[in-house]
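>>> Pasted the sequence and its predicted model underneath.
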Amino acid sequence: MATKLLNLRPMLAVRDLRRTIDFYCTKLGFRCGDTFGDPPVWCSLARDGVEMMFNAPPDVEQDVPRRSRDYQVFYFNAPDVAALRDEFQSRGVEVSALRVTIYGMKEFEVRDPDDIWLWFGQPTDEPPTVSE
């Protein structure tokens, strides 16, 4: 019998960890669990059972091309994606329009301060509003 995976906790490299903590906590409603370093070089943030880790390696700016962020998407499932979009928007987050995809998801997207692409969605039977 194979050993089971318990969960996924991505660790993402960012340029300014304090700015990241502020954005995720103030704008997206995450809570800061742990940090390491002074100033912090690593943190753990959580919301609704989702946990993400961030670190601030010294060479992230030169080693990670900005365009590479366009090929990475972190997708979150939400039970009420429209309400979540409204919540984020009320906190001053720049959010995309709500759309219904051809693959049966109602979703929207956000870019964090490091251009990390965050998508939020929920399954739906509504007809598609976009063709991609």
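Great, that's in hand.

>>> Quick check: the gap between the residue minimising distance to the centre of the chain and residue 84.
The C-alpha lying nearest the average C-alpha coordinate of the chain belongs to residue 118 (Cα atoms, centre = their mean; 3.9 Å). Distance, residue 118 to residue 84, by Cβ to Cβ, to the nearest Å: 11 Å. Using the backbone N, CA and C atoms, a C-beta is placed for each residue, glycine as well.

>>> now residue 132
Applying Cβ to Cβ to residue 132 and residue 84 gives a distance of 22 Å.

>>> Comparing those two, which shows the higher neighbour count?
Between residue 132 and residue 84, counted using other Cβ atoms under 10 Å, the more crowded position is residue 84 (20 against 7).

>>> Can you tell me the closest non-neighbouring residue to residue 74?
residue 118 (5.3 Å; Cβ to Cβ, 6 or more residues apart in numbering).

>>> is it true that the one you found lies in a helix?
No: residue state for residue 118 (DSSP: H, G, I helix; E, B strand; the rest coil) corresponds to strand; a helix is not indicated.

>>> in terms of contact, does residue 55 touch residue 44 like I think?
No: look at residue 55 against residue 44 with Cβ atoms under 8 Å: they stay out of range, at 10.3 Å.

>>> Can you show me the strands along the protein?
Ranges of strands within the chain are 11-13, 31-36, 42-47, 50-55, 73-77, 99-100, 105-111, 117-123, based on DSSP state E.

>>> Could you list the low-pLDDT ranges of the protein?
The chain contains residues with pLDDT under 70 at 59-71.

>>> can I see the domain layout of it?
Domain assignment for the chain by automatic domain parsing gives 9-57, 71-132.

>>> So what would you say the end-to-end distance of the first one is?
The separation between the terminal residues of domain 9-57, taken as Cα to Cα, to the nearest Å, is 18 Å.

>>> The strands of the chain into TSV, with extra columns for distance to residue 92?
Formatted as TSV, these follow (distance: least, Cβ to Cβ, whole Å):
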stretch	distance to residue 92
strand 11-13	22
strand 31-36	18
strand 42-47	17
strand 50-55	20
strand 73-77	19
strand 99-100	21
strand 105-111	12
strand 117-123	15
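
>>> Residue 19: which of the ones you listed is closest?
strand 50-55 (10.4 Å; Cβ to Cβ).
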